[in-house]
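*Asks:* Take a look and give me a structure for this.
(one chain, ligands or ions: 1)
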Amino acid sequence: MRPYGSMGPEVAQVFPAALQPGAVVGCWRVVGTLGVGGYGAVYRVEPLDAPGRSFALKLSLHPDPARALREMALLLDRACHPNVVRVHATGRWPDPVEGLPYFVMDCVEGMALHAWAETVNPTFRQVAMVGGSVAMTLGVLHARGVLHRDLKPEHLLIRTRGQVPVLIDFGAGDQAGALTLTTTTLPPGTLHLRSPEAIRFQQRHWRQPELRYPYSAADDLYALGVCLYRAVTGHYPFPPDQEPELLSVAITERLPPSPRDINPQVPEPLSRAILKLLEKEPEQRPRTGEAAHAELMRGLLSGGATAFEAHLFDEIPGKPNQIRRPAWPSQPYLTPAPRPAPVTATPRRFPAWGWVGVVMCLGLLLAGPGTWEVLPRGWTRHTTPEVPERVSALLGHKLASEPDRPHSVPVATPATAAPVVAPKGEPALVTTKPPVPPSPKPGRTLKAAAIASCVAGMACASAPLVDRPTPPAEDCPEDAKAAMNALKITGYTWAAVFDPNTRADFVTVREGRAALYTHGSQGRVRHNSMLTGTLYVGNKRVYGRFTQLRESRTGETFPVCLQLWFLDDRTRGIPRSEGGDEDTAVVPNLISVESIWRFDA
Ligand SMILES: Nc1ncnc2c1ncn2[C@@H]1O[C@H](COP(=O)(O)OP(=O)(O)OP(=O)(O)O)[C@@H](O)[C@H]1O
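*Replies:* Okay, here's the model as predicted:
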């Protein structure tokens, strides 16, 4: 396909995302703009031969037609449903063969769910009916093998006539047997609408970019729960404006306040039905759209007429049509989430591993290090993945544990667990030769078992544990060197903390994307500036490479090269304390970072 700009001088002047009223696309005249998203621009159009009739034309902004063609195919065939926007025509523009794909659909006269909730201020009955309708629609689509995969309030338009919900934007949609749309673990989507299991999957598999998350009906139903929560409270259950790392932790670990805690007018059964859609474990949610519909309707039938006839929000006295949005609590997550099924190896898992661990340890002691398996994946560039913008928050990260809740691995107290300092001169890591891989992640499994048994106090303290190879050496990019010079931090070592909000001396960290906060100023960098990068969990030490700094005072970001550094032995990486597993480690909260011009292997 020819590049868009090569289609002739008259076309190169036109911006597909900014067509002006009067522009002609195929046999449609642009009347106005309805919205511009990441993938397409949507225009209100009228047919050239029937002026006055309104349609919506979605013009792909990408020369690669895959996403647009897929969306059209879904809308024209398996996603066809009274509550899904209807497609009437398709084409390419400006060249009918090689141009950008477009399709013409019903123009939904109405508002997105959240705007409708706050502008129309409907009754709870109306919201429950809308939620029930969407749930039923999803049920039908799921039964046909169609998943929406990007359900959000903006994609749920409420038609003014009849207050009927209409689902739009199936660009991320999927149907059984379709080719993979993206090159990332998760399908395109929005972090604050992702399900806990999707985030956990990415946290667990961020080293395997070839893996694809098996998105399911449960993810769509979770997103519906988020949409309804937003509608009845005016807030998302996990506020999207926080740091992506913290947002991910909140989604996977925290219980959102009940909708009724935010907006006391929400009828109890509706509040419960919404929370059920937001359960952390998919099997705790309604299994199908029909079950979700039944849940919402049961609430409606049992909830007492008056509670459901109330309007969502109070109006501001003296200002009709202006609502008062309930406040978001300052401490929304006081209740710790009950431990879901273990995502990472947890202490609960260790006893189960005990005997396996004994065998592993014996095997180690008898056979020596040469017989163990190195983790099958070596360090490659993608261990610090190139992150597409829309999913940048999601790659395998988890921050240090927070103070008021249990974590997957217990946080050691100073009294019981002083840091274990690796003996000087000892090679940081033990690697061994690889046998035939019998299972997808054999090295990790063996290592987990070995750690588990050692943690259980078995006689394998001196046994070498299997470990990952260290990341390869890497020069610091020139722009990072320049930024460090400008910030006056070149060649310095200074303090940082994993979790600035805890008083605990030790925290649990996880391999993958991570954040640190500077402790004290250095050069032009203030206290509490955020460093983001990657943590690598070895069997004795945790290594960290931090490549971005966000200055706390100005909010400016800079490329940098900083590594975790242990002052006592003047070696990179920080020693692990007791606890953790192959992916998580207990480490001191207060640590040091060193600015460098080259990350050594
Ligand atoms: N059929 C329609 N009728 C009325 N408005 C529409 C219609 N389709 C889309 N819109 C408006 O255009 C906006 C962008 O459309 P859409 O979400 O399909 O584009 P996108 O590029 O896929 O966006 P995103 O980045 O959200 O995936 C919508 O949020 C909505 O406001």
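*Asks:* Now do the contacts for residue 141.
*Replies:* 78-79, 81, 84, 147-148, 289 (C-beta atoms under 8 Å, 6 or more residues apart in numbering). All C-beta spots, glycine's among them, are computed from the backbone N, C-alpha and C.
*Asks:* Where does the stretch 151-300 of the chain get nearest to the ligand, which residue?
*Replies:* Closest residue of the stretch 151-300 of the chain to the ligand, C-beta to the nearest ligand atom: residue 169 (3.5 Å).
*Asks:* cool, and the chain?
*Replies:* Counting by C-beta to the nearest ligand atom, the chain gets nearest the ligand through residue 37, at 1.9 Å.
*Asks:* How about the contacts made by the nearest residue to that residue once chain neighbours are set aside?
*Replies:* Closest residue to residue 37 apart from its sequence neighbours, by C-beta to C-beta, 6 or more residues apart in numbering: residue 169 at 7.1 Å. Contacts for residue 169 (C-beta under 8 Å, 6+ apart) come out as 37, 71, 150, 154-155.
*Asks:* and which of those is nearest to residue 201?
*Replies:* residue 150 (17.0 Å; C-beta to C-beta).
*Asks:* Once you drop chain neighbours, what's closest to that closest one?
*Replies:* Closest to residue 150 by C-beta to C-beta, 6+ apart is residue 172, at 4.0 Å.
*Asks:* For the one you found, give its distance to residue 132.
*Replies:* 24 Å (C-beta to C-beta, to the nearest Å).
*Asks:* Please apply the same query to residue 65.
*Replies:* Counting by C-beta to C-beta - residue 65 and residue 132 are separated by 36 Å.
*Asks:* and those two? which has more neighbours close in?
*Replies:* A direct count of neighbours by other C-beta atoms under 10 Å for residue 65 and residue 132 places residue 132 higher, at 21 against 16.
*Asks:* can I assume the more buried one is in contact with residue 299?
*Replies:* No. Contact between residue 132 and residue 299 fails when scored by C-beta atoms under 8 Å: they sit 9.5 Å apart.
*Asks:* Name the SS class of residue 532, please.
*Replies:* At residue 532 the chain is in strand, as set by DSSP: H, G, I helix; E, B strand; the rest coil.
*Asks:* hey, what's it bridged with?
*Replies:* Beta bridges link residue 532 to residue 515, residue 548, judged by DSSP bridges.
*Asks:* And the helices in the chain, which stretches?
*Replies:* Here the chain has its helices, by DSSP state H, at 9-12, 66-76, 113-120, 124-143, 196-205, 217-233, 244-253, 259-262, 268-277, 289-302, 305-309, 349-367, 442-455, 478-487.
*Asks:* is it possible to export those helices to a markdown table including distance to residue 542?
*Replies:* Below are the helices of the chain laid out as a markdown table (distance: least, C-beta to C-beta, whole Å):
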| stretch | distance to residue 542 |
| --- | --- |
| helix 9-12 | 52 |
| helix 66-76 | 39 |
| helix 113-120 | 41 |
| helix 124-143 | 42 |
| helix 196-205 | 16 |
| helix 217-233 | 32 |
| helix 244-253 | 16 |
| helix 259-262 | 38 |
| helix 268-277 | 36 |
| helix 289-302 | 42 |
| helix 305-309 | 52 |
| helix 349-367 | 20 |
| helix 442-455 | 14 |
| helix 478-487 | 22 |
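*Asks:* Specify the stretch among the ones you listed that is closest to residue 505.
*Replies:* Among the helices of the chain, helix 442-455 comes nearest to residue 505, with 19.1 Å by C-beta to C-beta.
*Asks:* Low-confidence bits of the stretch 351-500 of the chain, can you list those?
*Replies:* In the predicted model of the stretch 351-500 of the chain, residues 351-471 satisfy pLDDT under 70.
*Asks:* Quick check, pLDDT for the residue nearest to residue 26 when sequence neighbours are not counted.
*Replies:* Once flanking residues are discounted, residue 26 sits nearest to residue 91: 4.4 Å by C-beta to C-beta, 6+ apart. The confidence metric pLDDT takes the value 93 at residue 91.
*Asks:* I'd like the distance between the residue of the chain closest to the ligand and residue 29.
*Replies:* Distance, residue 37 to residue 29, using C-beta to C-beta: 22 Å.
*Asks:* Just give me the neighbour total for the residue nearest to residue 333 when sequence neighbours are not counted.
*Replies:* Nearest non-adjacent residue to residue 333, counting by C-beta to C-beta, 6+ apart: residue 254, 4.3 Å away. Neighbour count for residue 254, taken as other C-beta under 10 Å: 21.
*Asks:* repeat for residue 241
*Replies:* Neighbours around residue 241, by other C-beta under 10 Å: 7.
*Asks:* measure it to residue 235 for me?
*Replies:* In terms of C-beta to C-beta, residue 241 sits 11 Å off from residue 235.
*Asks:* Equivalent analysis for residue 191, please.
*Replies:* Counting by C-beta to C-beta, the separation of residue 191 from residue 235 is 16 Å.
*Asks:* Looking only at neighbour counts, state which of these two leads.
*Replies:* More crowded of residue 191 and residue 235, by other C-beta under 10 Å: residue 235, with 22 against 19.
*Asks:* The ligand contacts on the stretch 101-250 of the chain?
*Replies:* Within the stretch 101-250 of the chain, the positions near the ligand by C-beta under 6 Å from any ligand atom are 105-108, 150, 154-155, 168-169, 171.
*Asks:* could the residues you listed go into CSV alongside distance to residue 563 and pLDDT?
*Replies:* Listed next are those as CSV, based on distance: C-beta to C-beta, whole Å; pLDDT from 0 to 100:
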residue, distance to residue 563, pLDDT
105, 52, 96
106, 56, 95
107, 55, 97
108, 52, 96
150, 38, 91
154, 41, 94
155, 42, 95
168, 47, 95
169, 42, 92
171, 40, 79
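*Asks:* Tell me which two in the residues you listed are the farthest apart.
*Replies:* The farthest-apart pair in those, when distances are taken by C-beta to C-beta, is 107 and 150, at 20.3 Å.
*Asks:* Show me the domain layout of this structure.
*Replies:* Domain segmentation of the chain under automatic domain parsing yields 6-106, 111-175+192-320, 474-599.
*Asks:* just to revisit the earlier point, which of the contacts of residue 169 are buried?
*Replies:* 37, 71, 150, 154-155 (16 or more other C-beta atoms under 10 Å).
*Asks:* Which members of the residues you listed define the maximum pairwise distance?
*Replies:* Taking C-beta to C-beta, no two of the buried ones among the contacts of residue 169 sit farther apart than 71 and 154, at 15.4 Å.
*Asks:* Now residue 483: closest residue in space that isn't a chain neighbour?
*Replies:* Residue 483's closest residue in space is residue 558 (C-beta to C-beta, 6+ apart), at 4.1 Å.
*Asks:* What of residue 33?
*Replies:* residue 43 (5.7 Å).
*Asks:* State the mean pLDDT of stretch 37-56.
*Replies:* For stretch 37-56, the mean confidence score works out to 93.
*Asks:* Make 8 the starting number, not 1.
*Replies:* Will do, 8 is the new start, and the previous item becomes stretch 44-63.
*Asks:* which residues sit against that stretch?
*Replies:* 23-26, 31-32, 34-43, 64-69, 74-75, 92, 95, 111-116, 176, 178, 195, 397.
*Asks:* Figure out how far that stretch is from the centre of its chain.
*Replies:* Centroid displacement of stretch 44-63 relative to its chain, using C-alpha atoms, centre = their mean, to the nearest Å, is 33 Å.
*Asks:* end to end, how far does that stretch reach?
*Replies:* 14 Å (C-alpha to C-alpha, to the nearest Å).
*Asks:* just stretch 100-111 next, same as before
*Replies:* 12 Å.
*Asks:* Can you point out the buried residues in it?
*Replies:* 100-101, 106-111.
*Asks:* burial of residue 321, as a residue count?
*Replies:* Counted with other C-beta under 10 Å, residue 321 comes out at 14.
*Asks:* Any idea how many residues pack against the residue lying closest to it once chain neighbours are set aside?
*Replies:* Among residues not flanking residue 321 along the chain, residue 331 sits closest, at 4.9 Å (C-beta to C-beta, 6+ apart). Residue 331: 12 surrounding residues under other C-beta under 10 Å.
*Asks:* Show the model's pLDDT score for residue 331.
*Replies:* 89.
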